[in-house]
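Undergrad: dropping a prediction and its sequence here:
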Amino acid sequence: MAGAKGRKDAAEKHVIVLHGIGMSKSWMSGLSRALKKAGYTVHNISYPSREKDFDLLVRDHIAPLMEKIPAEKVDFVGHSMGGILIRFYAKEYGSKRIGRVVMIGTPNHGSQVADYLHQWSAFRWFYGTALQGLGTLPENAHEKLPPVDFECGVIAGENHWLHFPINYLADVPMPNDGLVTVDSTRIEGMTDHTVLNADHSLMVWTPEVWRRAIAFLQDGRFPAPEDK
């Protein structure tokens with residue numbers, strides 16, 4: 001692809017894949033296989049998303065991995081909370097080594113569902129401090145983060161039916177993917193933004209999401225409809 005000019009050859013293209021809250025690297029395995037097929041060295045990791053706050057997750061799991069990767073630039077793909085962790089890494093360690101980034105369903109301005117669940121002690125216990133940080137209130141994580149200063153493509157979903165009960169109870173504004181509004185996925189400084197008829201949880205198992213994510217990592221933009 002034209003936008004790949006100047007990029008490292010396939011053996012040197014590294015991408016870190018980060019899952020969302022309560023998930024593991026297994027949930028990102030389909031996307032990881034697609035990235036490998038596209039020629040990337042994939043670092044698909046699990047991290048204790050419910051047990052530590054964002055700063056500790058970055059310090060203990062992402063920063064050490066970045067130190068081990070023998071590449072000048074490292075790309076990222078983050079689903080939901082995974083995208084927030086990429087932004088925390090950039091804030092704490094700088095963006096010099098960050099290549100291109102794809103965020104999938106990331107609540108860059110918080111989620112009304114997190115606000116709703118936080119009022120229930122069982123959910124606070126299960127999801128830990130991460131749930132508290134993913135809400136829309138001023139004290140939540142998004143207020144602590146600057147605009148992105150790296151190439152960033154954001155994929156949002158607008159199919160909310162799988163999560164309809166909690167979507168309805170939390171009164172999430174439309175359009176949304178069941179848990180995160182399309183507007184919340186937007187972030188100042190982003191390079192490109194695209195919206196699919198996809199659900200929040202299942203987006204990472206959607207081949208069209210894989211295709212668009214890979215296209216952004218290679219070209220620095222999402223494909224136009226005529227590029228399909």
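TA: Okay, I see it.
Undergrad: hey, let's count contacts and neighbours off CA atoms from now on
TA: OK.
Undergrad: identify all contacting residues around the helix or strand of the chain with the lowest mean pLDDT.
TA: Least confident helix or strand of the chain, by mean pLDDT, DSSP states H and E, is helix 121-133 with a mean of 77. For helix 121-133, the surrounding residues in contact (Cα atoms under 8 Å, 6 or more residues apart in numbering) are 21-22, 49-54, 114-115, 117-118, 139-142.
Undergrad: generate a PyMOL selection restricted to the buried subset of those residues.
TA: PyMOL command restricting the contacts of helix 121-133 to the buried ones, with burial defined by 16 or more other Cα atoms under 10 Å:
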select buried, resi 21+22+49+50+51+52+53+54+114+115+117+118+140+141+142
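Undergrad: tell me how far the helix or strand harbouring residue 155 is from the chain's mean position?
TA: Using DSSP states H and E, residue 155 sits within strand 151-157. Computed by Cα atoms, centre = their mean, to the nearest Å, the chain-centroid distance of strand 151-157 equals 8 Å.
Undergrad: could you point out which element follows that strand?
TA: Next along the chain from strand 151-157, counting by DSSP H and E, comes helix 164-169.
Undergrad: what about the strands in the chain?
TA: With DSSP state E as the definition, the chain shows strands at residue ranges 14-18, 41-45, 74-79, 98-104, 151-157, 192-196.
Undergrad: distance of the residue nearest to residue 51 when sequence neighbours are not counted relative to residue 172?
TA: Leaving out its chain neighbours, the residue that sits closest to residue 51 by Cα to Cα, 6 or more residues apart in numbering is residue 128, at 6.0 Å. Separation of residue 128 from residue 172 (Cα to Cα, to the nearest Å) stands at 22 Å.
Undergrad: got it, and residue 57?
TA: Counting by Cα to Cα, the gap from residue 57 to residue 172 is 28 Å.
Undergrad: now residue 186
TA: Counting by Cα to Cα, the gap from residue 186 to residue 172 is 16 Å.
Undergrad: repeat for residue 25
TA: When Cα to Cα is applied, the distance between residue 25 and residue 172 equals 28 Å.
Undergrad: and residue 180, by the same measure?
TA: 8 Å.
Undergrad: ok, now residue 44?
TA: Separation of residue 44 from residue 172 (Cα to Cα) stands at 31 Å.
Undergrad: low-confidence regions, this protein specifically.
TA: Scanning the chain for pLDDT under 70 picks out 1-11, 225-228.
Undergrad: go again using 80 as the cut-off
TA: Within the chain, the segments meeting pLDDT under 80 span 1-12, 122-132, 138-141, 224-228.
Undergrad: which stretches of it form helices?
TA: Secondary structure of the chain (DSSP state H): helices at 29-37, 54-57, 63-68, 81-93, 112-117, 121-133, 164-169, 182-185, 207-219.
Undergrad: need those in TSV (columns: distance to residue 106).
TA: As requested, the helices of the chain are exported to TSV (distance: least, Cα to Cα, whole Å):
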stretch	distance to residue 106
helix 29-37	16
helix 54-57	14
helix 63-68	20
helix 81-93	6
helix 112-117	13
helix 121-133	13
helix 164-169	16
helix 182-185	5
helix 207-219	14
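Undergrad: which among those is found nearest to residue 156?
TA: Nearest of these to residue 156, taken as Cα to Cα: helix 182-185 at 5.7 Å.
Undergrad: can you list the residues that contact that closest one?
TA: Helix 182-185 is contacted by residues 105-111, 154-158, 174-176, 195 when judged by Cα under 8 Å, 6+ apart.
Undergrad: recalculate using a threshold of 7 Å.
TA: 105-110, 154, 156-158, 175-176 (Cα atoms under 7 Å, 6 or more residues apart in numbering).
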